[in-house]
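Asker: Turn this into a model:
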Amino acid sequence: MNPESYRKIRNCWMRLVQVMVAVAQQFGNAGRENEARWLLNMAQQLAAALGLLGDETTATANTPQNYLNFLMETLRKVQENPNPQVIYPFWAQNLDKLDENLIYILDSWANDKLASVDTKEAYFIAGNIWYFSELVQKFTLGSIAANKEIAIAGYEITLRVYTKGAFPRDWAVTKLNLAVTYSERIRGNKADNLEKSITGFTEALRVYTEKAFPQSWALTQYNLALIYYDRIRGDKVENLEKSIVANQEALKVYTWEASPQDWALLVSVWKEEG
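Answerer: Numbering: from 1, shown residues only. Okay, here's the model as predicted:
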């Protein structure tokens, strides 16, 4: 089977899982919690069997409404104050809801919500999801692997609103964060994750130019240097050369005079690569 056919079939199964979760949510809203929990667990088992979830995912005692309530409270808190000192204690008390089931609830809710509001409101909602994604990306309790998956899903949802044409800076920073998350991802194929990370950083550079955004440009070049150094695919010598070039580019901004700590870090990486 060619990659395009596989992608289409996988997307069809993914849509089925999403429909199952949406129906489960409707059952929960109607007070049919036993059916809601059963259908949600069936959707989870189907997703796991198809390789859409990680191996450590297990059946949940939570209903879709439990997940939705947790998500709504989280987004409310993030909107009021996206400070980890505010959000993380709340999450620490709800670790059982930070799993892949939350991804489907988030996706279902965001699809419905974004389709029913104007551009201004959609931008506001996307911003809230962006902060949520960044927070969960860095959250170190519970399942770290699941946290990364939730963050990736959140950034992908955000990009439905943050398009390059409409909101280039928001698009670029989301691409940057998504690339970082893929480089940290635990699940999936390591080589694939690194390729997605390279793609994200490279796309961010379409907006983050040296002239317009020197600091962001340098940060992205630095991250590219690290990823090319660790890259699994491609010619090892070529990857090393690309890593050195990106490192040298970053040093144009991270000079000794302007950023001595960043300069020292980059030089140490350069020496290691050389």
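Asker: what does the domain assignment say about this protein?
Answerer: 3-50, 64-272 (the TED database).
Asker: Could you dump those into CSV and include mean pLDDT and mean neighbour count?
Answerer: Where C-beta positions appear, they are placed from N, C-alpha and C, glycine not excepted. CSV is the format used below for those (pLDDT from 0 to 100; neighbours: other Cβ atoms under 10 Å):
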stretch, mean pLDDT, mean neighbour count
domain 3-50, 68, 16
domain 64-272, 92, 18
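Asker: Could you find the residue nearest the spatial middle of the chain?
Answerer: By Cα atoms, centre = their mean, the mean C-alpha position of the chain lies nearest to I152, the distance being 1.8 Å.
Asker: Would you confirm that it contacts A179?
Answerer: No. With contact defined as Cβ atoms under 8 Å, I152 does not count as touching A179 (10.5 Å).
Asker: about what we covered before: quick check on the nearest residue to the residue nearest to the centre of the chain once chain neighbours are set aside: phi, psi?
Answerer: Ranked by Cβ to Cβ, 6 or more residues apart in numbering and with sequence neighbours excluded, the top spatial neighbour of I152 is T181, at 5.4 Å. Backbone dihedrals for T181, given as degrees, to the nearest 10, come out at phi -60, psi -40.
Asker: before we move on, what about the one 10 residues further on?
Answerer: Comment: the main-chain dihedrals of A191 come out as phi -60, psi -40, following degrees, to the nearest 10.
Asker: Next up, the contacts around the closest residue to it other than its chain neighbours.
Answerer: Among residues not flanking A191 along the chain, I232 sits closest, at 4.1 Å (Cβ to Cβ, 6+ apart). In this structure, I232 makes contact with 190-191, 194, judged by Cβ atoms under 8 Å, 6 or more residues apart in numbering.
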